[in-house]
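J.: model the structure of this input:
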Amino acid sequence: MTRNKISILIVLLALLFVSLACDFSASTANISEAFLSNTEDGSAQTTVFSQDEIIYCIVDLKNAPDETVVKTEWIAVDVENTEPNYIIDTVEVTTGSDTLTFNLSNTGLWPLGQYRADVYLNEELTNSLTFTVQ
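T.: Numbering: from 1, shown residues only. As a prediction, this is how the structure comes out:
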């Protein structure tokens, strides 16, 4: 009996060390909502923008510890005079639960076409928001 108890104890300790070494995280951080807008406060949701607008991506981050990483990658999917799926910009913030506002602006006019904003939570793609500039 004693030998069995020692074996079980060794197995349990080994499992404990393995779980600690794997940097296990039980975070419940989630993006409850992500949308595009042509207003900084997100009051006007849209997926169609004019060539001179600033494009805002509003992300509502919930249940997130302070070290949560949210990234938005802005992509020109099918845009005139631009290679397909060209990454325009990437912005990353480390934060806790909050409403985050990312934006994409241009010193000139946006080329016409199809675009996308990809939102990542701790390096995992959670939302792909497509939009058009016309």
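J.: could you use CA atoms for every contact and neighbour count after this?
T.: Fine.
J.: Val77 and Thr46, how far apart?
T.: Distance, Val77 to Thr46, using CA to CA, to the nearest Å: 18 Å.
J.: more neighbours: the two, which one.
T.: The residue with more neighbours, out of Val77 and Thr46, is Val77; 20 against 16, by other CA atoms under 10 Å.
J.: ok, Asp60 - contacts?
T.: With contact set as CA atoms under 8 Å, 6 or more residues apart in numbering, Asp60 has these partners: Ile31, Ser32, Glu33, Ala34, Ser97, Asp98, Thr99, Leu100.
J.: just the ones of these in strands?
T.: Ile31, Ser32, Glu33, Ala34, Asp98, Thr99, Leu100 (DSSP state E).
J.: and for the residue nearest to the fifth one when sequence neighbours are not counted, the neighbour number?
T.: In other words, Asp98. Among residues not flanking Asp98 along the chain, Leu61 sits closest, at 5.3 Å (CA to CA, 6 or more residues apart in numbering). Using other CA under 10 Å, Leu61 has 21 neighbouring residues.
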